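# Here is a sequence together with a model predicted from it:
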Amino acid sequence: MALFMDTRLLLRKVKDLRFFTPRRNRVKAKWAATPTKHPPTSLSLQHFDATYSVQLGKLWPSVRAAMLSERKYGALLNNFSHDAILAELEAQGCRNFLRDIDTKGHLCLGQESEVVADVEYSGISISKASDVDGHQPSPLHLSPHIKCLVFPRGDITRFKPARPDVCGLLGYYLMDAASVLPCLALNVQEGHNVLDLCAAPGGKTLALLQTQSVGFLCVNDASVSRTLRLRRVLNSYIPKSLLTDQKLRITCFDGTKWGDFESNTFDRVLVDVPCTTDRHSLMEDENNIFNKSRTSERRRLPQLQLELLMAGIAAACPGGEILYSTCTLSQIQNQTVVEQAIYLARENHSINLQVVDLQPLTHMFSKTFHFAPDLHLGEMVIPHLAANFGPIYMCKLRRLT
């Protein structure tokens, strides 16, 4: 009888799952946090449905489905690592998308900006000429050193975490493969002085260094914590001999003020601005720009982006080139910002800018990425279920005066 009673008591305890939870971790239900009624991910989806259904039209349903699915990554190979990573990844079925190109696009690379026109958008006249006031754009040459491997279209296999080599350097950096395109479009040549104005977390900085063409690189981010993360990334991938003050400068300044103390200096400027980061906003509630407490910050984004682009334009030397990029589909944060910057640069600072045609680049990599059709300014990778990269918007400007 006693044994029977002990068994009933044991069964009662087993049915109560708290019996298996350590006492220090037990929480009464009434003390638990209440779920947010309108989480930021839900608010962002509502906002995107209202905005992008108008902006993208029939494209939005397929883009929406892709953005709500698992994204694809690329492995940016670290040329400074001693491990034979390339052969290992190719054995897994990966391919270097920089070598899997459309031949027609490749033939057009030397004719990067052949269209000569002054086009007016939203009342702003924008020069898209290839030869203005005697300035001839340099042809686009892809660095043979940079390699980014991706799995084939439709293959959503995940990359394994990179391993350190004998020197402690990691073999590859995982990032959205479309994020490499702004670095390619920037067209860094041997010995160029380059500014990465909003560099953290460091993926594009690494891509620039992999070209092995940069003479001097200045990387900046306004956030202290993000700058520390940037330092950790660089120390994990780049030999200390290349992180000297003669080759690299890491700063933590307000990028909008850059033109005030270092203007007319850099051959190439990358302005990869903070934005709504559409994929993150849809998938993660943590650090989400659509959190109600960050509404004013989100509304100010276009103004911040404009100020950063203006600072990047001021930092470039005459004849230098500026690449503006975001990871959002938003026209207000993309084309509108560029239009305003071109107008303000001309009217307020007497700086004439030329829009460089990037269509040869998009034709070249059409096998890997899906690009938005008929953008009046710049180019944009849009997510697609078969090639789930992006969104990445980029527009290249050349400073004439």
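It's in. Numbers count the residues shown, from 1 in each chain.

# For whichever helix or strand Leu234 is part of, the averaged confidence score.
According to DSSP states H and E, Leu234 maps onto helix 224-237. Helix 224-237 shows a mean pLDDT of 96.

# How about stretch 302-316?
98.

# Could you do stretch 342-361 as well?
In this model, stretch 342-361 has a mean pLDDT of 96.

# Show me which strand runs longest in the chain.
strand 316-326 (DSSP state E).

# So which residues of this structure form strands?
74-77, 95-96, 118-121, 124-127, 148-150, 172-175, 192-196, 214-220, 248-251, 266-272, 316-326, 353-356, 379-381, 392-399.

# Of the ones you listed, which is nearest Trp60?
strand 379-381 (13.6 Å; CB to CB). Yep, even glycine has a C-beta here, placed from its N, CA and C like the rest.

# helices or strands up against the closest one?
helix 359-364, strand 392-399 (3 or more CB pairs under 8 Å, 6 or more residues apart in numbering; DSSP states H and E).

# Of these, which is nearest Leu282?
strand 392-399 (15.6 Å).

# How far off centre is the closest one?
Centroid separation for strand 392-399 versus its chain: 13 Å, with CA atoms, centre = their mean, to the nearest Å.

# ok, now stretch 56-74?
That offset, for stretch 56-74, works out to 16 Å (CA atoms, centre = their mean).

# measure that stretch end to end?
Using CA to CA, to the nearest Å, the end-to-end distance of stretch 56-74 comes out at 26 Å.

# Would you mark the buried spots in that stretch?
Neighbour-count burial for stretch 56-74 flags 56, 59-60, 62-64, 66-67, 72-74 (criterion: 16 or more other CB atoms under 10 Å).

# contact partners of it?
Here stretch 56-74 makes contact (CB atoms under 8 Å, 6 or more residues apart in numbering) with 45, 48-49, 52-53, 97, 148-151, 156, 158-159, 174-177, 180, 278-279, 282-283, 329, 372, 382-385, 387-389, 391.

# quick one: which of the strands of the chain is nearest Leu308?
That would be, of these and by CB to CB, strand 266-272, which comes in at 5.6 Å.

# Hey, what's the angle from the closest one to strand 392-399? Just curious.
Orientation check (axes from the mean of the first three to the mean of the last three CA atoms, to 10 degrees): strand 266-272 against strand 392-399 gives 150 degrees.

# show me the contacts for Glu307.
Neighbours of Glu307 in contact, by CB under 8 Å, 6+ apart: Thr256.

# cool, the one 3 residues further on as well?
Residues in contact with Met310, defined by CB under 8 Å, 6+ apart, are 256, 259, 341, 344-345.

# Which of those has the largest number of neighbours?
The most neighbours of any of those, using other CB atoms under 10 Å, belong to Ala341, which has 26 neighbours.

# isn't that residue right next to Leu306, touching?
Yes. Counting by CB atoms under 8 Å, Ala341 touches Leu306, with 6.0 Å between them.

# Quick check: the two most widely separated of the buried residues of stretch 56-74?
Using CB to CB, those span at most 24.9 Å, a distance reached by Trp60 and Gly74.

# pull the helix or strand with minimum mean pLDDT from this structure.
Across the helices and strands of the chain, mean pLDDT, DSSP states H and E gives its lowest value to helix 2-15, namely a mean of 49.

# related to what we said a few turns ago, now distance to Ala311 and mean neighbour count too, for the helices and strands packed on strand 379-381, in CSV please.
Formatted as CSV, the helices and strands packed on strand 379-381 follow (distance: least, CB to CB, whole Å; neighbours: other CB atoms under 10 Å):
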stretch, distance to Ala311, mean neighbour count
helix 359-364, 25, 21
strand 392-399, 13, 26
